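Undergrad: okay, here's the prediction I keep looking at, along with the sequence it came from:
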Amino acid sequence: MTGPLVLGIESSCDETGVGIVRGHELLANEVASSVEEHARFGGVVPEIASRAHLEAMLPTLERACATADVDLTEVDAIAVTAGPGLMGALVVGVAAAKALAFALDKPLYGVNHLAGHVAVDLLEHGPLPTPCVALLVSGGHTSLLLVDDIAGVAGRGIVELGSTIDDAAGEAYDKVARLLGLPYPGGPVVDRAAATGDPRAIAFPRGLTSGRDLERHRFDFSFSGLKSAVARWVETRERDGLDVPLPDVAASFQEAVCDVLTAKAIDACAATGAKHLLIGGGVAANGRLRSLLAERADAAGVTLRTPRPGLCTDNGAMIAVLGAEVVNAGGRPSGPELGADSSLP
Ligand code: KG4
Ligand code: ZN
């Protein structure tokens with residue numbers, strides 16, 4: 001039993017998460033999702049998310065304490081997602097964390113959601129060898145990061161090497177699912193539909209991977225052209241009275257996304273000399289992304305760190321473990337003035 005006992009609260013999007021860790025040991029990770037309430041709208045409705053967080057926060061907190069067999073008075077610190085995310089959703093978590101910290105007289109740490117997606121890996125694979133490249137792929141973000149000091153207390157912290165110039169990878173999955181008539185969230189359903197399809201059936205474009213685009217955007221991503229290409233392909237088939245082979249479209253789309261994500265991630269390792277590559281965010285749960293990355297990392301002599309799929313999507317444990325890192329590194333607690341910042345970099 002080493003390391004601080006930290007309670008982490010996550011509420012940046014549609015998942016209310018409360019996690020409890022002791023250092024790198026996971027004690028509880030309770031998540032209440034409002035995803036089904038958003039499904040009929042085809043995407044997250046901020047107002048619905050905020051109300052769902054309000055309703056779910058205390059029951060989720062209670063479940064986490066019961067699972068970890070921890071009394072709130074025992075925790076050493078409280079960490080909360082301060083941003084980025086939906087403003088109305090973030091403020092629910094921040095208000096809850098502040099109230100707890102005040103009532104229990106515990107230090108409070110406002111942390112970055114994206115750094116949390118990276119830090120969650122510590123729960124599975126222990127201390128992070130640095131520098132390490134992290135491929136962060138979620139519904140709102142797609143970035144390649146060079147991680148030097150995850151707590152951001154000493155050293156260079158986390159440097160963004162590149163990011164999407166339009167849609168995030170998860171957003172592309174969600175939009176393509178929608179145009180194929182599949183439900184929200186699209187990632188898991190497209191992943192499943194692709195399982196029986198041929199990834200080479202349709203040659204969809206790979207954005208920013210050649211010529212001047214690649215030169216100017218070596219570590220950036222673009223998925224909106226791919227989404228439009230899928231839409232055009234489907235429209236043409238329908239206009240010509242031909243069937244749309246869903247598994248082949250899904251597999252070919254997925255192959256284009258995963259090909260670009262993995263090629264650029266491996267290239268980032270080569271360019272920075274990083275020998276370790278970590279993936280995080282909801283899309284990191286994708287089966288093809290994980291297998292292709294494993295193949296290419298192996299060929300490049302890079303060690304891959306992939307948290308289990310359940311830890312890749314939004315949760316409270318990732319915030320708790322990041323909080324524990326900050327505590328360990330001697331980071332300063334946030335004061336009572338801590339606010340939510342929807343556009344935290
Ligand atoms: O990290 P996350 O839970 O929330 C955000 O911070 O955005 O990521 C959610 C995104 C959604 O776009 C969802 O469609 C996608 O992750 N996703 C997947 C898979 N599971 C979730 N995308 C591809 N394949 C999956 N298996
Ligand atoms: Zn996320």
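TA: Arrived safely, thanks for sending. Ligands and ions are numbered 1, 2, ... in the order given.
Undergrad: show me the shaky parts of this structure.
TA: For the chain, applying pLDDT under 70 flags the ranges 1, 155.
Undergrad: check whether the longest helix along it contacts ligand 1.
TA: Looking across the chain with DSSP state H, the single longest helix is helix 246-272. No: Helix 246-272 is not in contact with ligand 1 by Cβ under 6 Å from any ligand atom; minimum separation 7.8 Å. In short, each C-beta sits where N, CA and C put it, glycine included.
Undergrad: helix or strand right after that helix?
TA: strand 276-280 (DSSP states H and E).
Undergrad: that next one: how far from the chain's middle?
TA: Per Cα atoms, centre = their mean, to the nearest Å, the displacement of strand 276-280 from the mean C-alpha position of its chain is 12 Å.
Undergrad: partner strands of that strand and their direction?
TA: Strand 276-280 has these partner strands in its sheet, going by DSSP bridges: strand 132-137 (parallel), strand 303-305 (parallel).
Undergrad: what's the next secondary structure element after the last one?
TA: Following the chain from strand 303-305 toward its C-terminal end, the next helix or strand by DSSP H and E is helix 309-312.
Undergrad: packing partners for the helix or strand just after that next one?
TA: Proceeding N to C from helix 309-312, the next assigned helix or strand is helix 317-328, under DSSP H and E. Helices and strands touching helix 317-328, as assessed by 3 or more Cβ pairs under 8 Å, 6 or more residues apart in numbering; DSSP states H and E, comprise strand 5-10, strand 15-22, strand 25-33, strand 77-83, strand 108-112, helix 113-119, helix 122-125.
Undergrad: now these in CSV, with mean neighbour count?
TA: As requested, the helices and strands packed on helix 317-328 are arranged in CSV below (neighbours: other Cβ atoms under 10 Å):
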stretch, mean neighbour count
strand 5-10, 29
strand 15-22, 28
strand 25-33, 19
strand 77-83, 27
strand 108-112, 25
helix 113-119, 28
helix 122-125, 18
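Undergrad: got the ones you listed as CSV, with distance to ligand 1 columns?
TA: Output for those, formatted as CSV (distance: least, Cβ to the nearest ligand atom, whole Å):
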stretch, distance to ligand 1
strand 5-10, 9
strand 15-22, 7
strand 25-33, 9
strand 77-83, 10
strand 108-112, 12
helix 113-119, 6
helix 122-125, 16
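Undergrad: thinking again about what came up before, now tabulate the strands paired with strand 276-280 in JSON lines and tack on distance to ligand 2.
TA: Output for the strands paired with strand 276-280, formatted as JSON lines (distance: least, Cβ to the ion, whole Å):
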{"stretch": "strand 132-137", "distance to ligand 2": "8"}
{"stretch": "strand 303-305", "distance to ligand 2": "17"}
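Undergrad: and the ones you listed: which comes nearest Glu124?
TA: strand 303-305 (7.8 Å; Cβ to Cβ).
Undergrad: show me how far the closest one is from its chain's centre.
TA: Distance, centroid of strand 303-305 to centroid of chain: 17 Å (Cα atoms, centre = their mean).
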